[in-house]
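In: give the three-dimensional model of this entry:
(one chain, ligands or ions: 1)
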Amino acid sequence: MTLALRCLAVVVFLLLTPSSSAAATDPVGRWPLRPTPVVERTFDPPDSPYGAGHRGVDLLGRPGQPVLSALPGTVRFAGALAGRGVVVVGHADGTRTTYEPVAASVSVGEVVTAGARLGTLEAAPSHCLPRACLHWGWIDGETYLDPLRLVGAGPVRLLPLWRDLPVSSGRPIAPIPASWRPAENGYALLLRVAGLT
Ligand SMILES: [Zn+2]
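Out: Numbering: from 1, shown residues only. The predicted model follows:
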């Protein structure tokens, strides 16, 4: 194996390594809309409990579309909250998934399976006006998590090396220049991905 190939193998290993142990133990859930929806807005956790951010993801949908539970659990809340229909499902690991705006068809205490219908998507109030979208959240205690982790679409991803590089270690990585050639720059890329340069 040439040096360049060995370097690439290490790079792929580094990119595949999750950035936190939690990612390795995330439960495997389902998208709450079918077919797989477009993610209109991604997760942007606030710096403080009252700080700005986006405490979930927005999934494009259509009014009246069924909204499904991402994980099995028990309905903890179903009704109006601050002027919008909200469903909250509690899960065995203590986390909760939230869905809004939803016209609920379930009741508090109801046990649901993954993929079970919780209600239907409402047109408003929507984070995507004038389009309809589901704001989907995942909360552990008081901490907001990225719900896309439940469907394997979270921030830890292996992207093609010739496109934007993923951020596997929490620090930004410069994109690979178009002129990059493994035989010439493989070792430099390895050092950069490993955070050594
Ligand atoms: Zn939102």
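In: endpoint to endpoint, stretch 63-72 covers what distance?
Out: With CA to CA, to the nearest Å as the measure, stretch 63-72 spans 24 Å from end to end.
In: give the bridge partners for the nearest residue to residue 105 once chain neighbours are set aside, please.
Out: In space, and not counting its chain neighbours, residue 105 is closest to residue 119: 4.5 Å by CB to CB, 6 or more residues apart in numbering. C-beta coordinates here come from the backbone N, C-alpha and C atoms, glycine included. Beta bridges link residue 119 to residue 67, residue 104, judged by DSSP bridges.
In: quick check, residue 119 in contact with residue 101.
Out: No - using CB atoms under 8 Å, residue 119 is not in contact with residue 101; the gap is 9.6 Å.
In: okay, these two: which has more neighbours?
Out: residue 101 (26 against 19; other CB atoms under 10 Å).
In: can you name the residues that contact the more buried one?
Out: 84, 85, 86, 121, 122, 123, 124, 125, 126, 135 (CB atoms under 8 Å, 6 or more residues apart in numbering).
In: how about residue 96?
Out: Applying CB under 8 Å, 6+ apart, we find residue 96 in contact with 76, 88, 89, 90, 138, 139.
In: on that earlier part again, now for residue 119 and residue 101: what residues contact both?
Out: The contact lists of residue 119 and residue 101 share residue 85, where a contact means CB under 8 Å, 6+ apart.
In: that's all I had, so thanks and see you.
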